[in-house]
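Colleague: build me a structure from this.
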Amino acid sequence: MRVRSDFRPAWWLPGPHLQTLMPNLLRRSPRRGLRRERLELGDGDFLDLDWAGPPSGPLVLVLHGLEGSIRSPYAAGIVNTLAAAGYRVVLMHFRGCSGEPNRLPRSYHSGETGDLDTVVRELKRRHPERMFFALGYSLGGNALLKWLGEKGADAPVDAAIAVSVPFDLSQAGHRLKRGFSRVYQWHLLGRLRRSVRRKAQRMQLPITVDKLDAMRTFRQFDDQVTAPLHGFQDAEDYYGRCSSRQFLATIAVPTLIIHALDDPFMTQQAVPTDSELSPSVTLELSDAGGHVGFVYGAFPWQPRYWLEERIRAEFDRCLHTNAPQPLV
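Modeller: Modelled structure (predicted):
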């Protein structure tokens, strides 16, 4: 079901763009007490996992967004918050996002759930009796919701939260070509192009690298890079098969989705309706908050990060009830 959020943005951070940019440009979250683990994969590649928090705490698996990592302020912030609250937190870096290029030509994308499933199964194998939660931001949230829908009642997590999800990848691509949102597209595409070039220096890729500079939109990049590297016919095939919106009806695990209607990465038309949500899904909507923003507080020198408070409160409630409940 859809519910209204109680989030109210800081008066000194009006509008979606300040809410989106401020936490990334001004915030510095120290990365304390991390332990890195390299998980070798069956195809010869690897995933890097960053661990924090007490070893005996309930597990939380965190998935970052596009070109994110533990260095992203939102990722470091939630890892610190949950670890300080007694959770055993593990951030899964998508392939090539941990600071070292991955070994294979393929990389990651919004619908990549195979690696996520591998990590979840490994964590459940190690800790079969422990409470286990999952959390995904943006691209990671899309992948998490898609995986939950694919697994249905067989998803081996007790609850999940997804934040600022691009429910419809095609619409997200169109939105990021308009207005100030083009700045986000320009920044992220620059990082993606650099990542591809670094990989091309290490291995032969089945794409034309000298055309990277001509790719000015996500659709062009996904059509010429994402699709051929990951077995899709083209960008439309990728968007059609990997958008999470179509998977929401089959989610059986209690799942909270947090979304701002002014998210500059997404149109309001892409926000799912009540009829598209399974009984296990709560879509919490606020009028403001931007993309992975949600900053409040009375004074600019004392910002508060509502997302971290909200996420911790939800996981605390699920933990204390010791049984899956609808997240409302």
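Colleague: OK, contacts around residue 266?
Modeller: Listed by C-beta atoms under 8 Å, 6 or more residues apart in numbering, the contact set of residue 266 reads 164, 166-168, 171-172, 175, 259, 291. C-beta here means a position set from N, CA and C on the backbone, and glycine is covered the same way.
Colleague: in which helix or strand does it reside?
Modeller: According to DSSP states H and E, residue 266 maps onto no helix or strand at all.
Colleague: verify the stated contact: residue 287 with residue 262.
Modeller: Yes: using C-beta atoms under 8 Å as the test, residue 287 is close enough to residue 262 to be in contact (6.7 Å).
Colleague: who's more crowded, those two?
Modeller: Residue environment comparison for residue 287 versus residue 262 gives the larger neighbour count to residue 262, 19 against 12, counting by other C-beta atoms under 10 Å.
Colleague: buried residues in stretch 183-198, which are they?
Modeller: Of the residues in stretch 183-198, 184-185, 188-189, 192-193, 195-196 count as buried by neighbour count, 16 or more other C-beta atoms under 10 Å.
Colleague: quick one on the thing from earlier: just the ones in helices from the contacts of residue 266, please.
Modeller: Within the contacts of residue 266, membership in helices is found for 171-172, 175, as judged by DSSP state H.
Colleague: am I right that residue 133 sits in a strand?
Modeller: Yes: applying DSSP: H, G, I helix; E, B strand; the rest coil, one finds residue 133 inside a strand.
Colleague: next, count neighbours for it.
Modeller: Residue 133 has 24 neighbours, counted by other C-beta under 10 Å.
Colleague: so it sits right up against residue 59, yeah?
Modeller: Yes: with contact defined as C-beta under 8 Å, residue 133 counts as touching residue 59 (6.8 Å).
Colleague: contact partners of stretch 209-223?
Modeller: The list of residues contacting stretch 209-223 from outside it, by C-beta under 8 Å, 6+ apart, reads 172-173, 176-177, 185, 188-189, 192-193, 196-197, 200, 224-225, 234-235, 238-239.
Colleague: for that stretch, the distance to its chain's centre please.
Modeller: 23 Å (C-alpha atoms, centre = their mean, to the nearest Å).
Colleague: that stretch: which residues count as buried?
Modeller: By 16+ other C-beta under 10 Å, the buried positions in stretch 209-223 come out as 212, 215, 217-223.
Colleague: mind picking the two most distant members of those residues?
Modeller: Every pair in the buried residues of stretch 209-223 was compared (C-beta to C-beta); the two farthest apart turn out to be 212 and 219, at 14.5 Å.
Colleague: okay, the spatially most distant residue from the centre of the chain: pLDDT?
Modeller: Distance from the centre of the chain peaks at residue 210, with 29.7 Å (C-alpha atoms, centre = their mean). If you check residue 210, the pLDDT there is 88.
Colleague: do the one 3 residues further on as well
Modeller: Confidence at residue 213, expressed as pLDDT, is 90.
Colleague: name the SS class of it, please.
Modeller: Remark: residue 213 carries the secondary structure label helix [criterion: three-state DSSP].
Colleague: quick check: residue 151 is in a helix.
Modeller: Yes: counting by three-state DSSP, residue 151 is found in a helix.
Colleague: from residue 166, how far out is it?
Modeller: Distance of residue 151 to residue 166, computed by C-beta to C-beta, to the nearest Å: 20 Å.
Colleague: neighbour count: these two, which is higher?
Modeller: Neighbour count, other C-beta under 10 Å: between residue 151 and residue 166, residue 166 has more, with 28 against 19.
Colleague: please determine how far the more buried one is located from residue 107.
Modeller: Here the distance between residue 166 and residue 107 works out to 18 Å (C-beta to C-beta).
Colleague: is residue 51 bridged to anything, and to what?
Modeller: Following DSSP bridges, residue 51 is listed with bridge partners residue 35, residue 90.
Colleague: re the thing from before, okay, and which of the contacts of stretch 209-223 map to helices?
Modeller: Here DSSP H is the test, and the contacts of stretch 209-223 give 172-173, 185, 188-189, 192-193, 196-197, 200, 235, 238-239 as lying in helices.
Colleague: quick one: which two of these are the most distant?
Modeller: Comparing every pair within these by C-beta to C-beta identifies 172 and 200 as the most remote, at 26.3 Å.
Colleague: out of those two, which sits in the busier spot?
Modeller: Between residue 172 and residue 200, counting by other C-beta under 10 Å, residue 172 is the more crowded of the two (25 against 16).
Colleague: who's in contact with the residue lying closest to that one once chain neighbours are set aside?
Modeller: Once flanking residues are discounted, residue 172 sits nearest to residue 166: 4.0 Å by C-beta to C-beta, 6 or more residues apart in numbering. When the contact criterion is C-beta under 8 Å, 6+ apart, the partners of residue 166 are 110, 138-139, 142, 172, 243-244, 265-266, 270.
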